[in-house]
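Undergrad: Pasting the sequence and the predicted model now:
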Amino acid sequence: RIQRATAHMLLLVKQVLRKGQIESTAFKVDRRPVSLSAIADECIEDFSILARKKRVALRKEDVLPPEHRLQADPTAVLEILSNLVSNAIKYSPPEQEIRVSLARRNGDVEIAVSDHGPGIGTQDRKQLFGKFQRGTTMEAEGTGYGLAIVKRLAEAHGGTVELDSAPGRGSTFRVLLPEA
């Protein structure tokens, strides 16, 4: 119990420091040509043990051409995906599938993570991307900083975050990053 509390505190401190760094006026993304497919594969591999432990499946749906490259910060994109996949694993019941989808949409690249968790009601959506914010029905451990980081990193790339969710039917978080 003490180890779990210590790990939780360490995660909180790391996320607070990272959020402060991201919110700094000096923060800039290091754009270079990156393969979103390779980053998604890395993220899925990173979370495969946790997913198996929770008895959920991680699946990638990639409709981008193999040679597709996006001008983006690979560390930031991995952090976006990691926060979304981590949340999806946390809130999904066992024996479900989490989908990581990559596609083009209206001049943007869409990174979507879909789960079969409890869903998020309208009353929770506005506060969900703020610091230390979590949905009122959320019971899993967490700091409430992950989605704020996702939003800020997407915005640093000129992108946006969308949420499609309703109580009882899961959630899909979509990060849209400009293609050019």
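TA: That came through fine.
Undergrad: so what's Ser35 closest to, chain neighbours aside?
TA: Counting by Cβ to Cβ, 6 or more residues apart in numbering, Arg69 is the residue found nearest to Ser35 once chain neighbours are left out, at 6.1 Å. Backbone N, C-alpha and C define where each C-beta goes, glycine included.
Undergrad: quick one: contacts for the one you found?
TA: For Arg69, the contacting residues are 33-35, by Cβ atoms under 8 Å, 6 or more residues apart in numbering.
Undergrad: Write the PyMOL selection for whichever of those are buried.
TA: For the buried members of those, the matching PyMOL selection, counting by 16 or more other Cβ atoms under 10 Å, is:
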select buried, resi 34+35
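Undergrad: from the contacts of Arg69, which ones fall inside strands?
TA: Counting by DSSP state E, these place 33-34 in strands.
Undergrad: just the contacts of Arg69 now: which is nearest Glu162?
TA: Nearest to Glu162 among the contacts of Arg69 is Val34, at 21.4 Å by Cβ to Cβ.
Undergrad: For the closest residue to that closest one other than its chain neighbours, report the pLDDT, please.
TA: Take Val34 and drop its neighbours on the chain: the residue closest to it by Cβ to Cβ, 6+ apart is Pro74, 4.6 Å away. On the pLDDT scale, Pro74 is placed at 93.
Undergrad: My understanding was that Pro74 contacts Pro33; is that so?
TA: No - counting by Cβ atoms under 8 Å, Pro74 stays clear of Pro33, with 9.5 Å between them.
Undergrad: quick one on the thing from earlier: check contacts around the residue nearest to Val34.
TA: Applying Cβ under 8 Å, 6+ apart to Pro74 gives the contacts 32, 34, 39.
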